[in-house]
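> Sequence and predicted structure, then a few things I'm wondering about:
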Amino acid sequence: MAYRLQLFKGLFRSTDQLYQLSQAEKIRGLWTKFSLLLLGSVLLSLLAGYLGIQSESVSTYMAESDTSTYEWLKVLFAAGSVLWGLLFPLFFIFIPALLFWTFLEIEFKKLVALQCIVLTIYLIEYALLIAWNVFFSIPRDSSPFSLGVVAQYATENIIAIRFFSFITIFQVWILVIQYRFLRTSEAKGARFVFLIVFLTGLAFWILSTLFTSIHVENLF
């Protein structure tokens, strides 16, 4: 059976789509959709870089620079955002797919298709975060979609707040879709599959927290 990858149907009609994907002998449109997601990630990252979103760690250093240095740093920041937009989807898609393939022995191409579907969720979340930042000046740490707001009432530790800001309804949605597909395709126990999915998500939240907590100004 041939299955044509449809990203949005995979999100909103996930039961049928995930079952068809699990039973597919051939997947059509995978690399086309992958390329579109890559382009979408680059464009969103370029927009975020142009708007200066998440540049707080370098904004003070940039403000103290002369005009030519300031403009050069803006270009570097935008270029870094584009590079991140290009590299992130590769890590997001292939590293979890490789982990799931190693422990659960599901066809790797199907896992790549699964990660393309959940990357769509991440890009939707990213676009909404940009919109919230632009129109309401609300950063990720205070996103209404995350536990970051709750964490701010419980602690003043910025690392803890940032960690919980990555636990969002969108990230839970990603974990649910991953779990449902892996359970459809895998004969191993539900607890083992849940553990693999949860640990993968937890690793993503921890690495994201560490990456966004780097004091870039100390590198200059």
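Now that the structure is in, tell me what you want to look at. Numbers count the residues shown, from 1 in each chain.

> Quick one: mean pLDDT for the strand or helix carrying Ser41?
Assessed by DSSP states H and E, Ser41 sits inside helix 30-51. Per-residue pLDDT over helix 30-51 has a mean of 92.

> Report the buried residues of it.
30, 33-34, 37-38, 40-42, 44-45, 47-49 (16 or more other Cβ atoms under 10 Å). Heads up, the C-betas are built off the backbone N, CA and C, glycines and all.

> Could you list the low-pLDDT ranges of this structure?
Applying pLDDT under 70 to the chain flags the ranges 54-71, 73, 186-187, 214-220.

> give me phi/psi at the residue nearest the centre of the chain?
Centroid-nearest residue in the chain, with Cα atoms, centre = their mean: Tyr122, separated by 4.4 Å. Dihedral pair for Tyr122: phi -60, psi -40, per degrees, to the nearest 10.

> who's in contact with it?
By Cβ atoms under 8 Å, 6 or more residues apart in numbering, the contact set of Tyr122 is Phe92, Phe170, Ile174.

> buried residues in the longest helix that the chain contains?
Across the chain, the helix with the greatest residue count (assigned by DSSP state H) is helix 67-104. Judged by neighbour count (16+ other Cβ under 10 Å), helix 67-104 contains these buried residues: 73-74, 77-78, 81-82, 84-85, 88-89, 92-93, 96-97, 99-101, 103-104.

> the strands in this protein, which residues?
In the chain, the segments counted as strands under DSSP state E are 2-4, 26-28.

> now the longest helix of the chain and helix 30-51, what's the angle there?
Between the axes of helix 67-104 and helix 30-51, defined by axes from the mean of the first three to the mean of the last three Cα atoms, to 10 degrees, the angle is 150 degrees.

> about what we covered before: for Arg140, state which of the contacts of Tyr122 is nearest.
Of all those, Arg140 sits closest to Phe170, with 11.9 Å by Cβ to Cβ.

> contacting residues around the closest residue in space to the closest one that isn't next to it in sequence?
Residue nearest to Phe170 in three dimensions, not counting chain neighbours: Glu125, with 3.9 Å by Cβ to Cβ, 6 or more residues apart in numbering. Shown in contact with Glu125 (Cβ under 8 Å, 6+ apart): Phe145, Thr168, Phe170, Gln171.

> same thing with Ser213?
Applying Cβ under 8 Å, 6+ apart, the residues contacting Ser213 are Ile158, Ile159, Arg162.

> give me that answer again for 10 Å
With contact set as Cβ atoms under 10 Å, 6 or more residues apart in numbering, Ser213 has these partners: Ser57, Ile158, Ile159, Arg162, Phe163.

> Separate out the buried members of the residues you listed.
Arg162, Phe163.

> For Asp141, state which of the contacts of Ser213 is nearest.
The nearest member of these to Asp141, counting by Cβ to Cβ, is Arg162 at 6.1 Å.

> any idea how far the closest one is from Leu98?
27 Å (Cβ to Cβ, to the nearest Å).

> just Phe12 next, same as before
Counting by Cβ to Cβ, the gap from Phe12 to Leu98 is 27 Å.
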